[in-house]
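Novice: Model the structure of this input:
(one chain, ligands or ions: 1)
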Amino acid sequence: MLAGDLGRGIGVIGAGYVGLTLSVFLASKGVRTICVEKDEVKAGKIMRGVSPIHEQGLPELLQRVVRDGMLEARTEVGDMLERVDTVFITVGTPTGSDGAPDLTQVKEASRQVGEAMSTSRTATPLIVVKSTVPPGTTWHVVRPIIEEASGRACGDGFHLCVNPEFLREGSALQDTMNPDRIIIGAKHSEAAERLKKFYEALYHPSKIPTLVTTPANAELIKLATNAYLALKISFINLISQICEATEDGDVGVVAEGLGLDPRIGPLFLRAGLGFGGSCLPKDLRALRWFAASRGLDTSLFDAIIGINRAQRLRVVEKAESKLGGLAGKRVAVLGLAFKPGTDDVREAASLEIIRELLARGAEVRAHDPAALDNARQVIGESVIYCHRVEDCLNGADLAIIVTEWPEYAALDPSTLKSLMRNPLIIDGRRILNTRRLIEAGIRIHTVGLHNPSA
Ligand code: UGA
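Specialist: Sure, this is the predicted structure:
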């Protein structure tokens, strides 16, 4: 159980990946947690102990904390401040029409917290902005909204911190339980100290490296981290294109060699079909927008985005040239989620690839172990969705591995050969054993590999 003081209870506004995982984790540690989610369907599911997202370990723990009465979900902030001392704002900040992050939900959450504070007897609640926002937002947007709605002054009637989140989808719970760092941004040392103490109690006895800084630095650390991860991916994807143009290049080996340099490190150097998801592309755009709005150079951000898109389109070009045109050809798309372990298709490579295949006249069949329903909502009925990978491959002229689900890596060459009309594979995620497939008489093009067979 907990050592130290975690206060009376915690409020969390927004039950996305960050908010829901945080809520469930806090509740599992014995903290009474109230999660506010304006989407009634989502809130209803949480109240019944049903996870609205596909995330390893979350359904079981959610069920337990709801049953134990440690987690409550509701649609309004209401009297929440009578029962909690700390409120985390974890609402979404999607990209707006001009590339700037849309802060509507952050503003709305700030106003609701401020209004709740105006009638609350809680002396100095701590408000923590975990949503990813551009530098300056917490101090210049969130603070004045809360001050105006509450009639209280920051640093006196309430405390305010920025505290970015670094969890990854697919391992959200694990990452929340074991963060690699804690970043706290605050103007007042008392505010930072309170959040620091909270985390010390929460993660006791382990000590997590903690950096206390200004709000703008904390906000920027989050955006810069995701932009840097995206940079690494686009860099290795550019190298993968160069590998394909060499006599015997293999980007996997090049990445391994690069990763041996401790100044570079081995992570996020997996070449493939680029980065997707709700964070890397969005945060990169937010940083680009911020730089552009201050008249700064955006060419590096533009290049990262451009390479990412080109990497996906290259696969379609390759498919077209291998099949001598795509019109009427049956293409099996294996994997729709933006990465394995999630049902999330936001900015997934699959969406762009499928759009392009359809535009060029291909008949597309798609499989994914988790994301079929979400993909259907985005793509619609122009694709045949298959629950079994065999149905997807049946009669196909080409199969493209778009998401590196382990079950695709385990596909048996003889099964592939017997099911497909034309045994040709584009391995966009580099998970298949190229040599084995060639030996079995299958033509394969692997991204980042000199491909004599295809
Ligand atoms: C990312 C960050 O990794 C988290 O630290 C951060 O908290 C989160 O965004 C966020 O801002 O909320 P996530 O979007 O879950 O997490 O996914 P990643 O694991 O970072 O993968 C992003 C994309 O990059 C995926 O499409 C993945 O396939 C791709 N990727 C990743 C590569 O193509 N190569 C790699 O080497 C690594």
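
Novice: Quick check: end-to-end length of stretch 334-345?
Specialist: 13 Å (C-alpha to C-alpha, to the nearest Å).

Novice: before we move on, what about stretch 129-140?
Specialist: End-to-end distance for stretch 129-140: 13 Å, by C-alpha to C-alpha.

Novice: Equivalent analysis for stretch 120-136, please.
Specialist: 27 Å.

Novice: got the buried residues for it?
Specialist: Across stretch 120-136, burial judged by 16 or more other C-beta atoms under 10 Å covers 120, 122, 125-135. For glycine as for every other residue, the C-beta is placed from the backbone atoms N, C-alpha and C.

Novice: Quick check: residue 339 is in a helix.
Specialist: No - counting by DSSP: H, G, I helix; E, B strand; the rest coil, residue 339 is not part of a helix but coil.

Novice: residues in contact with it?
Specialist: Residues in contact with residue 339 (C-beta atoms under 8 Å, 6 or more residues apart in numbering) are 169, 170, 276, 277, 403, 404.

Novice: My reading is that the first one is in a strand; is that accurate?
Specialist: Right, residue 169. No - secondary structure of residue 169 (three-state DSSP): coil, not part of a strand.

Novice: so what's the backbone phi/psi at it?
Specialist: Backbone dihedrals for residue 169, given as degrees, to the nearest 10, come out at phi -60, psi 150.

Novice: Helix, strand or coil: sort out the closest residue in space to it that isn't next to it in sequence for me.
Specialist: Spatially, and ignoring its direct neighbours in sequence, residue 169 is nearest to residue 342 (4.6 Å; C-beta to C-beta, 6 or more residues apart in numbering). For residue 342, the assignment made with three-state DSSP gives coil.

Novice: circling back to that earlier point, out of the contacts of residue 339, grab the one that's most surrounded.
Specialist: Compared across the contacts of residue 339, residue 403 has the highest neighbour count, 30 neighbours, by other C-beta atoms under 10 Å.

Novice: Over to that one. Which of the three states is it?
Specialist: Recorded secondary structure, residue 403: coil (three-state DSSP).

Novice: Hmm, which of the buried residues of stretch 120-136 is lowest in pLDDT?
Specialist: Within the set of those, pLDDT is lowest for residue 122 (86).

Novice: before we move on, back to that, could you dump the buried residues of stretch 120-136 to TSV with secondary structure and distance to residue 195?
Specialist: Converted to TSV, these look like this (DSSP: H, G, I helix; E, B strand; the rest coil; distance: C-beta to C-beta, whole Å):
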residue	secondary structure	distance to residue 195
120	coil	20
122	coil	16
125	coil	12
126	strand	7
127	strand	10
128	strand	6
129	strand	11
130	coil	11
131	coil	15
132	coil	17
133	coil	17
134	coil	21
135	coil	19
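
Novice: Of the residues you listed, just say which sits nearest to residue 233.
Specialist: residue 132 (18.3 Å; C-beta to C-beta).
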